[in-house]
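S.K.: take this sequence and fold it.
(chains A, B, C and D, ligands or ions: 2)
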There are 2 protein chains.
Amino acid sequence: MTAQDDQLDAVGVNADQRSAAGAERPIPDATVARLAVYLRALSGLVETGIATVSSESLAAAAGVNSAKLRKDLSYLGSYGVRGVGYDVALLLEQIRATLGLNEDRAVALIGVGHLGQALAGYAGFATRGFQIAALFDADPAVVGSQLRGLRVLHVDLLEQVVRAERVAIAVIAVPAAGAQDVCNRLVAAGVTSILNFAPVVLAVPAHVDVRKVDLAAEMQILSFHDSRKSARAEDAQARFSDEQPFRPGSGDASVSMAAAK
Amino acid sequence: MTAQDDQLDAVGVNADQRSAAGAERPIPDATVARLAVYLRALSGLVETGIATVSSESLAAAAGVNSAKLRKDLSYLGSYGVRGVGYDVALLLEQIRATLGLNEDRAVALIGVGHLGQALAGYAGFATRGFQIAALFDADPAVVGSQLRGLRVLHVDLLEQVVRAERVAIAVIAVPAAGAQDVCNRLVAAGVTSILNFAPVVLAVPAHVDVRKVDLAAEMQILSFHDSRKSARAEDAQARFSDEQPFRPGSGDASVSMAAAK
DNA sequence: ACGCCCTTGTGAAGGCATTCACAAAATCGA
DNA sequence: TCGATTTTGTGAATGCCTTCACAAGGGCGT
Ligand SMILES: NC(=O)c1ccc[n+]([C@@H]2O[C@H](COP(=O)([O-])OP(=O)(O)OC[C@H]3O[C@@H](n4cnc5c(N)ncnc54)[C@H](O)[C@@H]3O)[C@@H](O)[C@H]2O)c1
Ligand SMILES: NC(=O)c1ccc[n+]([C@@H]2O[C@H](COP(=O)([O-])OP(=O)(O)OC[C@H]3O[C@@H](n4cnc5c(N)ncnc54)[C@H](O)[C@@H]3O)[C@@H](O)[C@H]2O)c1
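M.R.: Numbers count the residues shown, from 1 in each chain, chains lettered A, B, ... in the order given. Ligands and ions are numbered 1, 2, ... in the order given. Below is the predicted model:
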């Protein structure tokens, strides 16, 4: 997952506490990644009208084990009630605050091709506090077109607009060949958070956070496991069906490495 | 599936031999995820005409540290030459074999909306041995249309076609509300590898592998780090600029990596 | 008021993954 | 042929994450 930047605040600190909303014990990256999943599960509960939830059932909804869930939540502070569970609305708000979702963040999208157009229309952005502030492309045929109420701007305006709109997060959806260049310009314009869909490893200064979505890699990982399964099936073809009983999905992001335990 | 507890062959096996093509020491999930990245870096080298590469420079291209790279590669066997490096073509072939990329895999895509259309047209599929064998949708307005030489089929045909085409991997790109249902039908039809773009945690039997691409989660993770940065910047506003020297990208990022569970 | 029962929060243990650091191998020049 | 040089492959050390297991805390029924 992401990088390793959180350990730098490790400095010395004793029992420091900050101004308004910060949680304090450093939150592990693995936990942060799961908070988003919990958030979604909690949203579902809110809609169902459920007001309180135990770590056991929330964990089931999120596809993780309950001890992990509790430990994750403990990094945010103590928001559960023993013998009862967690208040859904309160917990939801705490997670939102922890993830910094209460302040809107301006997002810039660079590359309005097939993928970029899908992304620009993705409801999951706006509904979660991410405002698409600008769309950029280099193709004259695309520049100037209207999408979701935004005009597609020429990428030459990138630095200027990124600064003016105070863009916090940039999404790169240009072909691989152009990605590093776009990235450099974003960084020069002050962007420090980038989501990259292009299949390249971006080089960035240490203070910039890059996450990537790598479809080919995902497919290849599935391929790896799939080929192992086939091999095993052939080895054991004489054995009977090994259908497993249904288990809650192994949630997290990656492989579902089943559980093994 | 991936569950493995016996990480050391210590006692056991001495000179074990494989049946057909399998590598033997179990390959860690984290390593598998990176193999795809190495593969891409190697492809780049091939195009540049470079025949040999050291762990140091390949690691730089992949954005990882060289010891990690060497350890990763060591799981595949010993394909390097001390004092020289790795033969690019050979290594590439080994990784392809390990990931099971030499056999074509039929892919089914369910949900041909905005995202699905982008995915269907994604070149990264075909160029890596993933053949899109079928497209499905439930919307009569979409069913029957032609896309990339394939007719979009009604999702009612899913089980039938999935079996007939021997689909190995399914990609789910339907709205969240329909994803679990589609997933159940895929599993019933025998699919054991699923890539899910819908923002839900899928419940599957243990022998099914699910990976997810969760855009909202990625954005939220960036948001988390970004809000920390802002906080830190405010705390330290009196300090001078902290521009760092350029560093090779912090590579991994990626999904899920969260992945690995 | 008082236990009883339920569920949280968390030390401690155990597993993986990453990184270190170096001996072993292979090439090359003399 | 031999030693210098380079770079791999890998035990060992370190650190992070997950899981276990249970004491502490809180509500609720009587
Ligand atoms: N289509 C998918 O489903 C998919 C999936 C995963 C990853 N990707 C990756 O996402 C990226 C975009 O894919 P796509 O299918 O949308 O490609 P596309 O060709 O449809 O769109 C790319 C767009 O980027 C624009 N562009 C090119 N160079 C640019 C630059 N320097 N600055 C600004 N704009 C520029 C082009 O004009 C075009 O509109 C690629 O890197 C691709 O590998 C795509
Ligand atoms: N658009 C994006 O960039 C984006 C990004 C990340 C995730 N997602 C997720 O991907 C999924 C698809 O997004 P989209 O923007 O393409 O949505 P969309 O509404 O454009 O397309 C969804 C398609 O799925 C079809 N569909 C609905 N129910 C179905 C069913 N039961 N069986 C078969 N087909 C069915 C619909 O007819 C439609 O064509 C959603 O879950 C969304 O949250 C989208």
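
S.K.: whichever strand in chain A runs longest: what's the following helix or strand?
M.R.: Looking across chain A with DSSP state E, the single longest strand is strand A:130-137. Downstream of strand A:130-137, the first helix or strand assigned by DSSP states H and E is strand A:146-147.

S.K.: and ligand 2, is that following strand touching that?
M.R.: No - Strand A:146-147 stays clear of ligand 2 (Cβ under 6 Å from any ligand atom), getting no nearer than 12.5 Å. C-beta coordinates here come from the backbone N, C-alpha and C atoms, glycine included.

S.K.: can you tell me what sits against that strand?
M.R.: If you take Cβ atoms under 8 Å, 6 or more residues apart in numbering or on different chains as the criterion, strand A:146-147 is touched by A:112, A:117, A:120-121, A:135, A:152.

S.K.: next, the contact list for A:Leu35, please.
M.R.: A:72, A:95, A:98-99, B:220, B:224.

S.K.: sorry, slip of the keys, the one I care about is A:Pro199.
M.R.: A:176, A:214-216, B:40, B:124.

S.K.: any idea how far ligand 2 is from it?
M.R.: A:Pro199 is 17 Å from ligand 2, where distance means Cβ to the nearest ligand atom, to the nearest Å.

S.K.: how is that residue assigned, secondary-structure-wise?
M.R.: At A:Pro199 the chain is in coil, as set by DSSP: H, G, I helix; E, B strand; the rest coil.

S.K.: quick one: the helices in chain A?
M.R.: Remark: helices assigned in chain A by DSSP state H are A:29-48, A:55-62, A:66-74, A:88-99, A:114-120, A:123-126, A:158-164, A:176-188, A:215-235.

S.K.: so which of the contacts of strand A:146-147 wins on neighbours?
M.R.: Greatest neighbour count in those, by other Cβ atoms under 10 Å in any protein chain shown, goes to A:Leu135: 29 neighbours.

S.K.: check the closest residue to A:Ala106 other than its chain neighbours and give its pLDDT.
M.R.: Nearest non-adjacent residue to A:Ala106, counting by Cβ to Cβ, 6 or more residues apart in numbering or on different chains: A:Ala133, 3.8 Å away. Note on A:Ala133: pLDDT of 95.

S.K.: any idea how far the residue nearest to A:Ala168 when sequence neighbours are not counted is from DNA strand C?
M.R.: Nearest residue to A:Ala168, sequence neighbours excluded (Cβ to Cβ, 6+ apart): A:Arg105, at 4.2 Å. Noted for A:Arg105: a distance of 28 Å to DNA strand C, by Cβ to the nearest atom of the strand, to the nearest Å.

S.K.: A:Val161 now?
M.R.: Distance from A:Val161 to DNA strand C, by Cβ to the nearest atom of the strand: 36 Å.

S.K.: what pLDDT does that residue get?
M.R.: 98.

S.K.: you'd agree it is up against A:Leu109?
M.R.: No - when contacts are counted by Cβ atoms under 8 Å, A:Val161 is not listed as touching A:Leu109 (11.7 Å).

S.K.: check the contact between A:Asp137 and A:Leu150; I expect there is one.
M.R.: No - between A:Asp137 and A:Leu150 there is no contact under Cβ under 8 Å: 11.6 Å.

S.K.: who has more neighbours out of the two?
M.R.: A:Asp137 (23 against 15).

S.K.: list the contacts for the closest residue to the more buried one other than its chain neighbours?
M.R.: Excluding the flanking residues, the one nearest A:Asp137 by Cβ to Cβ, 6+ apart is A:Val112, at 4.4 Å. For A:Val112, the contacting residues are A:120, A:135-137, A:142, A:145, A:147, A:152, A:173, by Cβ under 8 Å, 6+ apart.

S.K.: measure A:Val112 to DNA strand C for me?
M.R.: Distance from A:Val112 to DNA strand C, by Cβ to the nearest atom of the strand: 34 Å.

S.K.: re the thing from before, between A:Val161 and A:Leu109, which one's more packed in?
M.R.: Set side by side, A:Val161 and A:Leu109 show more neighbours around A:Leu109, with 28 against 19, by other Cβ under 10 Å.

S.K.: and that one, what does it touch?
M.R.: Neighbour list for A:Leu109: A:116, A:119-120, A:132, A:134-136, A:170-171, A:173 [criterion: Cβ under 8 Å, 6+ apart].

S.K.: hmm, 6 Å instead?
M.R.: A:116, A:120, A:135, A:171 (Cβ atoms under 6 Å, 6 or more residues apart in numbering or on different chains).

S.K.: and A:Val208, by the same measure?
M.R.: A:187, A:192.

S.K.: skipping adjacent residues, who's closest to A:Leu215 in space?
M.R.: B:Gly124 (6.1 Å).

S.K.: my read: the one you found touches A:Glu218, true?
M.R.: No - taking contacts as Cβ atoms under 6 Å, B:Gly124 lies outside contact range of A:Glu218: 10.5 Å.

S.K.: and the least confident helix or strand in chain A by mean pLDDT, what does it pack onto?
M.R.: Lowest by mean pLDDT, DSSP states H and E among the helices and strands of chain A is helix A:123-126, with a mean of 80. On a contact count with 3 or more Cβ pairs under 6 Å, 6 or more residues apart in numbering or on different chains; DSSP states H and E, helix A:123-126 meets no helix or strand.

S.K.: picking that back up, out of the contacts of A:Pro199, which comes closest to B:Asp29?
M.R.: The closest of those to B:Asp29 turns out to be A:Asp214 (Cβ to Cβ; 15.1 Å).

S.K.: residue of the stretch 1-150 of chain A nearest chain B, please.
M.R.: Residue of the stretch 1-150 of chain A nearest chain B, by Cβ to the nearest Cβ: A:Gly100 (2.8 Å).

S.K.: now for that residue: which residues touch it?
M.R.: Contacts of A:Gly100 by Cβ under 6 Å, 6+ apart are B:223-224, B:227.

S.K.: most neighbours of all the residues you listed, which one?
M.R.: Neighbour-wise, these (other Cβ under 10 Å) top out at B:Ser223, 26 neighbours.

S.K.: would you mind measuring from that one to ligand 2?
M.R.: Distance, B:Ser223 to ligand 2, by Cβ to the nearest ligand atom: 16 Å.

S.K.: and that residue, what is it in contact with?
M.R.: Residues near B:Ser223 by Cβ under 6 Å, 6+ apart: A:99-100, A:105.

S.K.: let's go with 10 Å and repeat that
M.R.: The neighbourhood of B:Ser223, defined by Cβ atoms under 10 Å, 6 or more residues apart in numbering or on different chains, consists of A:32, A:36, A:96, A:98-103, A:105, A:128-130, A:168-169, A:193.

S.K.: over to A:Asp87?
M.R.: A:51-53, A:79-81, A:93-94.

S.K.: mind checking how far A:Asp29 is from B:Met219?
M.R.: 15 Å (Cβ to Cβ, to the nearest Å).

S.K.: nothing else from me, thank you.
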